[in-house]
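Enquirer: Following is a predicted model, sequence given first.
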Amino acid sequence: METFFAIILFAILIWVVPMVWQRARRRYLRSRPLTRQQTSILADRLALFRHLPKERQEELKRNMSLFLREKEFVGCDGLIITEEMRVVIAAHACLLLLARDNNCYPNLYTVLVYPDAYVAEETHYDGHIQTTHLSARAGEAHYRGPVVLSWYDLQQGLAHPEQGHNVAIHEFAHKLDEEDGYVDGRPPFAKSADGKSWAPVMREAFAELRQRIHALQGEAELQDVTGERAPSVLDTYGAQSPAEFFAVATEAYFIIPTAMAAAHPALYREMQKFYRTDPAALLRGNRPGG
């Protein structure tokens, strides 16, 4: 009997000790301050930073400290990784974690950065028929694997925020989506009640975007009185799948929040329940929860 209990105790220790050590390690890494250079880059390149309450700014810095020390950045096609690249990517990745308990993308170990759009092999299956072709990409997030980003495309998004594009936010939204084991456009909620209305609202908004695609393809798109195409807040790439829709909606939520809140109020509210940050209110000068 003593041997049996010894085995059980040993098994528990094997499971508990690494978990406790990992939590302690993450607390320590979060406690390490950013350098003056890193803080300067953060304040200069993350548009929402100066609008955040002081408590949220400090929380962001702590998450970034963990991210920068825990993830490896690898330059591809001859790109030399700079501190600016590391901080800009970490800042946008950690923006998505604010006000929520998190393990800072626990299944991510490497961020691959290309100087520009890159070519990747894409495989499709139709029954037993497999087809492969090459496609140019600005970024991708591999399931339980690395995030890949084009630095040029990220720079373009930062230079033209009115377009609502940010490849880093897009790909890290995919990493959040996968944390429950499924890349399906529904990230894991800390409280089930917060996600109660998520599915119907997302389903309706996704259907509306797909209808817009069909209208564009049929030359029957919505037009204003001048005959020009009505602008869309959500990138039509989001019509590819619920997962892509979530990533595209996340881009709009953080980059053009005022326009998104006006065009898609129900969708905006659902995103706010998950992200627990209200970018539109922050830009108006209101600071809920801060």
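Expert: That came through fine.
Enquirer: C-alpha only now, for contacts and for neighbours.
Expert: OK.
Enquirer: Break down this structure into its helices, ranges please.
Expert: If DSSP state H is used as the criterion, the helices of the chain fall at 2-31, 36-45, 54-70, 83-95, 151-159, 167-177, 198-217, 242-255, 257-263, 265-275, 279-284.
Enquirer: Give me the contacts around the last one.
Expert: Yep, that's helix 279-284 we're talking about. The contact list for helix 279-284, computed with Cα atoms under 8 Å, 6 or more residues apart in numbering, reads L48, H51, L52, Y253, F254, P257, T258, A261, R287, P288.
Enquirer: Let's see that with 6 Å instead.
Expert: H51, P257, T258 (Cα atoms under 6 Å, 6 or more residues apart in numbering).
Enquirer: Turn the helices of the chain into a markdown table, including distance to V111, mean pLDDT and mean neighbour count.
Expert: Formatted as a markdown table, the helices of the chain follow (distance: least, Cα to Cα, whole Å; pLDDT from 0 to 100; neighbours: other Cα atoms under 10 Å):
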| stretch | distance to V111 | mean pLDDT | mean neighbour count |
| --- | --- | --- | --- |
| helix 2-31 | 19 | 64 | 12 |
| helix 36-45 | 18 | 97 | 16 |
| helix 54-70 | 11 | 97 | 20 |
| helix 83-95 | 9 | 98 | 22 |
| helix 151-159 | 11 | 97 | 18 |
| helix 167-177 | 10 | 98 | 25 |
| helix 198-217 | 29 | 89 | 16 |
| helix 242-255 | 18 | 97 | 25 |
| helix 257-263 | 27 | 96 | 19 |
| helix 265-275 | 23 | 96 | 18 |
| helix 279-284 | 26 | 95 | 18 |
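Enquirer: could I get those helices as a markdown table with distance to P187?
Expert: Output for the helices of the chain, formatted as a markdown table (distance: least, Cα to Cα, whole Å):
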| stretch | distance to P187 |
| --- | --- |
| helix 2-31 | 22 |
| helix 36-45 | 26 |
| helix 54-70 | 19 |
| helix 83-95 | 15 |
| helix 151-159 | 23 |
| helix 167-177 | 4 |
| helix 198-217 | 10 |
| helix 242-255 | 9 |
| helix 257-263 | 19 |
| helix 265-275 | 8 |
| helix 279-284 | 19 |
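Enquirer: T110 is nearest to which of those?
Expert: helix 54-70 (9.0 Å; Cα to Cα).
Enquirer: Also compute the angle for that closest one relative to helix 36-45, please.
Expert: Angle between the axes of helix 54-70 and helix 36-45 is 120 degrees (criterion: axes from the mean of the first three to the mean of the last three Cα atoms, to 10 degrees).
Enquirer: I'd like to know which elements helix 54-70 is packed against.
Expert: With contacts defined as 3 or more Cα pairs under 6 Å, 6 or more residues apart in numbering; DSSP states H and E, helix 54-70 has these neighbours: helix 2-31.
Enquirer: I'd like to know how many residues surround the residue lying closest to V119 once chain neighbours are set aside.
Expert: Using Cα to Cα, 6 or more residues apart in numbering and skipping residues adjacent in sequence, the residue nearest V119 is A136, 4.4 Å away. Other residues within reach of A136 by the criterion other Cα atoms under 10 Å amount to 12.
Enquirer: now do D101
Expert: For D101, the count of nearby residues is 8 (other Cα under 10 Å).
Enquirer: Kindly report the same for L52.
Expert: Counted with other Cα under 10 Å, the burial measure for L52 works out to 22 neighbours.
Enquirer: Distance check, the spatially closest residue to it that is not a sequence neighbour against G185.
Expert: In space, not counting the residues next to it along the chain, L52 is nearest to L282; the distance is 6.7 Å by Cα to Cα, 6+ apart. For L282, the distance to G185 equals 25 Å [Cα to Cα, to the nearest Å].
Enquirer: cool, and Y152?
Expert: Y152 sits at a distance of 27 Å from G185 (criterion: Cα to Cα).
Enquirer: Equivalent analysis for R69, please.
Expert: When Cα to Cα is applied, the distance between R69 and G185 equals 29 Å.
Enquirer: picking that back up, mind putting the contacts of helix 279-284 in a markdown table, distance to F206 included?
Expert: Putting the contacts of helix 279-284 into a markdown table (distance: Cα to Cα, whole Å) gives the following:
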| residue | distance to F206 |
| --- | --- |
| H51 | 30 |
| P257 | 18 |
| T258 | 20 |
